[in-house]
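Participant: Pasted the sequence and its predicted model underneath.
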Amino acid sequence: MASIIEGLELILTYIVEIGIVLLELFGVCVLLFTAVRSFLLWLKKEDSVRLDLAQGIALALEFKMGGEVLRTVLARERSELVILGAIILLRGVLTFLIHWEIKNEKKDMLEKNG
């Protein structure tokens, strides 16, 4: 019975590690795509460049935060959990601030256009 549990733990570890890598990859891809697209919009002098960039950064941060949440499954020591908690808290605060910026940017765009 113990060998079955060890085997299941090993499978879970592999699945979680793959999930972490995928979420991190998605976050990086979203950020790079958004950065390139925003740069092209900036070259065209589009008004929505700041809003598009902020939304892309927020989405990328949420993918990265998902990876950190999955990483807590593998944490075995208290120090690892503290570090992961601090990273999640920091990314959460950044996401909150970016969403606040998005809200203000949308408001400014509406006032400017309307």
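Facilitator: Thanks, I have it.

Participant: which stretches of the protein aren't confidently modelled?
Facilitator: For the chain, applying pLDDT under 70 flags the ranges 114.

Participant: Please enumerate the helices of it.
Facilitator: Counting by DSSP state H, the chain has helices at residues 2-43, 49-74, 78-113.

Participant: OK, contacts around the nearest residue to residue 52 once chain neighbours are set aside?
Facilitator: Distances taken as Cβ to Cβ, 6 or more residues apart in numbering place residue 38 nearest to residue 52, at 5.4 Å, with adjacent residues excluded. Backbone N, C-alpha and C define where each C-beta goes, glycine included. Contacts of residue 38 were listed using Cβ atoms under 8 Å, 6 or more residues apart in numbering, and they are 49, 52-53, 56.

Participant: could you redo these as TSV and give each row distance to residue 2?
Facilitator: Below are the contacts of residue 38 laid out as TSV (distance: Cβ to Cβ, whole Å):
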residue	distance to residue 2
49	58
52	53
53	52
56	47
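
Participant: list the contacts for the residue nearest the centre of the chain?
Facilitator: Centroid check for the chain by Cα atoms, centre = their mean gives residue 61 as the closest residue, at 2.2 Å. By Cβ under 8 Å, 6+ apart, the residues touching residue 61 are 27, 91, 94-95, 98.
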